[in-house]
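Undergrad: Sharing a model that was predicted from the sequence below.
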Amino acid sequence: MPVHPPNRTPGRHPRRPSAAPATPGSGPGPANAPGTVVLLTGDEELAAAVTRLTAVAGCVLRRTCAPPEHAVPLVLAGVDADPADAAAARRAGAQLVVVGRAPLPPQWWQDAATAAPDHAVVLPEAQDWLLERLADVADGGGRGRVLGVVGGTGGAGASVLAAGLARAVADTVGEALLVDGDPRSGGLDLLVGADALPGLRWGDLAGVRGRLGPQALRSAVDLGGGLRVLATDRGGSRAPDPAQLWTVVDAARRAFPATVLDLPRAGLDALGPVLGACDELLVVTPGTTRGAAAACVVVDDLRRTSTTGVRLVVRDVGAGPDPEDVADTVGAPLAAVVRPDRDLDAALERGEGVPGGRRSSLRGVAVACARDWAGLA
């Protein structure tokens with residue numbers, strides 16, 4: 001897929017298209033109807049090509065020369081669209097894709113860059129890619145939130161926090177998917193007491209690439225409760241590769257209101273799309289000098305690979321630097337401090353999963369983070 005980096009490149013600003021009526025594409029309905037895509041262009045041939053694709057995908061197309069008045073998930077724009085209108089669409093939360101037709105006129109890429117799009121694509125070469133994005137919109141519109149959890153060092157407690165967060169998020173918003181992306185986690189299903197239940201494991205997805213339907217994922221991980229789990233094979237013998245992990249994350253954010261990822265700290269440079277799909281990344285570290293030093297490396301790796309915001313969770317070990325000092329050393333905002341919990345290890349050894357009691361420090365942190373993340377704090 002041809003993609004231009006989403007930063008401005010010097011070049012002429014394209015003219016605002018002449019007045020073109022707002023017209024329905026594949027069907028009538030209100031401007032903010034589910035499955036609506038907005039097209040900003042005065043180019044009739046481009047509009048005809050996009051209209052055909054939206055009809056195939058089952059979307060409602062709204063063509064206009066002004067930014068959308070209602071929130072929509074996807075805005076397509078020709079290079080003749082006013083960059084200010086495109087910027088307004090992005091501020092409203094839409095994904096912005098600049099679309100062109102081959103053969104490209106001179107300066108097309110420079111003109112496309114003035115809109116600072118998420119993607120810039122050329123038809124017909126990118127037809128399949130664009131159809132997938134349109135199908136995502138037609139599937140039902142909204143995307144769920146994705147939270148990534150990474151250990152700043154080995155044994156930091158990232159997997160335990162991910163399990164606790166996923167349970168708290170499921171309790172808060174109704175359901176959530178917990179994805180075991182770290183082959184060294186020991187099995188997230190064990191941490192939520194679901195190891196004896198049937199369910200999807202990474203080995204069942206061997207060879208899966210490309211687009212995974214959200215309903216197919218929901219059905220495969222349906223355990224009859226609010227918290228669903230995609231676990232590694234027992235012993236971690238089958239770990240997801242970056243392409244598989246991205247396939248699942250892309251489907252999960254269309255299938256669930258919330259997804260929590262337990263991510264490995266090694267190989268982060270290969271997880272760019274996955275990290276970019278996260279709404280936030282939490283790095284977990286013990287509150288020690290060595291823990292802070294190790295977390296610095298992980299935070300630097302994350303920021304080098306993705307622009308997603310990073311916060312720090314410090315596990316209080318009873319001695320060592322103040323958690324605020326640890327956060328200052330690492331250079332990341334402090335999200336929470338997990339206090340020592342004498343009952344946690346015993347509960348996990350008994351196979352009871354992460355404790356959910358009110359007196360659990362982990363539970364308190366998880367609930368607070370979940371409510372903050374869901375905008376309920």
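TA: Looks like it came in fine.

Undergrad: quick one, helices of the protein?
TA: 44-57, 83-91, 108-113, 127-138, 158-173, 188-191, 214-220, 242-255, 272-277, 289-305, 323-330, 342-349, 361-373 (DSSP state H).

Undergrad: Could you say which of those helices is packed most deeply?
TA: A comparison of the helices of the chain by mean neighbour count, using mean count of other Cβ atoms under 10 Å, puts helix 158-173 on top with a mean of 26. Using the backbone N, CA and C atoms, a C-beta is placed for each residue, glycine as well.

Undergrad: per-domain residue ranges of the protein.
TA: Per automatic domain parsing, the structural domains of the chain span 23-138, 145-373.

Undergrad: got these as TSV, with mean pLDDT columns?
TA: Conversion of the domains of the chain to TSV gives the following (pLDDT from 0 to 100):
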stretch	mean pLDDT
domain 23-138	82
domain 145-373	85
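
Undergrad: how deep is Arg315 tucked in, by neighbour count?
TA: 28 (other Cβ atoms under 10 Å).

Undergrad: Next: Val38.
TA: 27.

Undergrad: Return the set of residues that bridge with it.
TA: Val38 has these beta-bridge partners by DSSP bridges: Arg62, Val75.

Undergrad: need the contact list for it.
TA: Val38 makes contacts with Leu61, Arg62, Arg63, Thr64, Pro68, Val72, Leu74, Val75, Leu76, Ala89, Ala94, as judged by Cβ atoms under 8 Å, 6 or more residues apart in numbering.

Undergrad: Can I have the buried ones of the residues you listed as a ChimeraX selection?
TA: Here is the ChimeraX command that selects the buried residues among the contacts of Val38 (16 or more other Cβ atoms under 10 Å):
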select :61,62,63,64,68,72,74,75,76,89,94
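
Undergrad: now the contacts of Val38 as CSV including distance to Gln127?
TA: Below are those laid out as CSV (distance: Cβ to Cβ, whole Å):
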residue, distance to Gln127
Leu61, 16
Arg62, 21
Arg63, 19
Thr64, 23
Pro68, 24
Val72, 21
Leu74, 16
Val75, 18
Leu76, 13
Ala89, 22
Ala94, 21
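
Undergrad: Could you single out the nearest of the contacts of Val38 to Val229?
TA: Leu74 (30.4 Å; Cβ to Cβ).

Undergrad: Tell me if I'm right that the closest one and Val37 touch.
TA: Yes: look at Leu74 against Val37 with Cβ atoms under 8 Å: they come within range, at 5.0 Å.
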